[in-house]
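Q: Prediction below, plus the sequence it came from.
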Amino acid sequence: MALTGASRDYQRPRRSGESARVEFVELFFDLVFVFAVTQLSHFLLKDLSLEGALESLLMLIAVWWVWNYTAWVTNWLDPAKAPVRGMLFALMLAGLMLSTSIPEAFEGRGLQFALAYVVMQVGRTLFMMWALRNHNPANYTNFVRIVLWLALSAVFWVAGGLAAPESRFALWAIALLIELVSPALGFWTPWHGASSTADWDVEGGHMSERNALFVIIALGESILVSGVSFAELELNWVNLAAFLTTFFASVAMWLIYFNVGQELAHHKIAHAADTGQIARGAYTYIPMILVAGIIVVAVSDELVLAHPLGDAGAAVIWTSIGGTALYLAGNLLFKRYVVGRAPLSHIVGLAILAALVPLATMMAPLAIGAATTLVMVLVAYLELRGQPGVQHKQES
């Protein structure tokens, strides 16, 4: 298929001064990843050991990576065209196979996880080569480079799926490392050299919106966890307080990302000369930290709702304080990358969280959850106070 190339041009039309819209089929595609994020949070909740955390992290990066590559593809191709939609539907099916295997990916369903992942990554790239060969030679060559890197990583994905569970993590970590390093190297190959971010020609507004929607997906998991857990509890003041704590934590996380950072990043990438460079940093690597923080906080929400009073174990402390710190750190790096400076509000929040760690062993889970929520509310407030232009725009 990739050898002949498509006779018709399936690339997105570009109009000067307009951002490409996110199509409904892209949102439909994202539903698979709502399920994937839910599966990941449940996997981590079931095994809160260091081993469980590392396995969850590896699968989270894989899920994010396969979604993010697809977001790049629909940045270039037009999802309104039937072949592109067909490709997205095929990816949805493979994505469901990937998601359903997550709970037992390091047990009996390792090969299912690996094959679903490889089919998505390699299959989508071959489709891009077919779509671009006769219409965008520079980007076609870039995807030739990409498929060679993915073919290399596929060897380790499949080997890990076939290997004994105790050897699987190491092989999959090598596969993921290959894929994480390749964009930073411009997908260099001995035959085609390396590509430049200037060659990637990203439509900045669309890329910004797609990543914002994935953050919404992850935040939706926090809301879902809180709602489902609270529905199963006895209605009393303690449980209501725990529920309100988790709800306002989700609201604060939304404010921290969307109030200032997302808008500034959208404006910068939409007007940048090298949109590919910004997309690679701000919308490829950094969001993994944000999403990881959201998932860990969702796990802490479920722990707080399950046992709001009593002594807090290590799991509550590291998921609540650690997850909040991870989310703030991700936002700090994101804003540092797009604005050029680290927001003081986030540094203050991280300092307070660090000071909270030695006190947490003497606090109940509800108190820890309330404290971390207050920290995020404070960060959102301080940041908004430091952005009078944004505040004025919202008030008007």
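A: Everything's here; your move. Numbers count the residues shown, from 1 in each chain.
Q: Could you report the pLDDT at the nearest residue to Ala114 once chain neighbours are set aside?
A: Nearest in space to Ala114, with sequence neighbours left out and distances taken as C-beta to C-beta, 6 or more residues apart in numbering, is Gly161 at 3.2 Å. Just so you know, the C-beta spots here come from the backbone N, C-alpha and C atoms, and that holds for glycine as well. Note on Gly161: pLDDT of 97.
Q: same question, Val25
A: 94.
Q: before we move on, what about the one 5 residues further on?
A: Listed pLDDT for Asp30 reads 93.
Q: Pull the number of nearby residues for the residue nearest to Ala114.
A: By the criterion of other C-beta atoms under 10 Å, Gly161 has 22 neighbours.
Q: Quick check: it touching Leu111?
A: Yes - between Gly161 and Leu111 there is a contact at 3.6 Å, judged by C-beta atoms under 8 Å.
Q: Mind listing the shared neighbours of those two?
A: Common neighbours of Gly161 and Leu111, counting by C-beta atoms under 8 Å, 6 or more residues apart in numbering, are absent.
Q: give me the number of residues near His206?
A: Residues lying near His206 (other C-beta under 10 Å) number 22.
Q: helices or strands up against whichever strand or helix holds it?
A: Using DSSP states H and E, His206 sits within helix 204-231. Judged by 3 or more C-beta pairs under 8 Å, 6 or more residues apart in numbering; DSSP states H and E, the packing partners of helix 204-231 are helix 24-46, helix 50-76, helix 237-256, helix 262-270, helix 275-280, helix 287-306.
Q: so how far is the helix or strand harbouring the residue nearest to Ala114 off the chain centroid?
A: Under the criterion of DSSP H and E, Gly161 resides in helix 137-162. Helix 137-162 sits 21 Å away from the centroid of its parent chain (C-alpha atoms, centre = their mean, to the nearest Å).
Q: Mind listing what's buried along that helix?
A: Buried residues in helix 137-162, counted by 16 or more other C-beta atoms under 10 Å: 139-150, 153-154, 156-161.
Q: try stretch 280-297
A: So for stretch 280-297, counting by 16+ other C-beta under 10 Å, buried means 280-297.
Q: Using the record's assignment, carve this structure into domains.
A: 24-195, 204-395 (automatic domain parsing).
Q: I'd like to know which of the ones you listed has the weakest mean confidence.
A: Across these, domain 204-395 gives the lowest mean pLDDT, at a mean of 86.
Q: chain center to that one: distance?
A: 13 Å.
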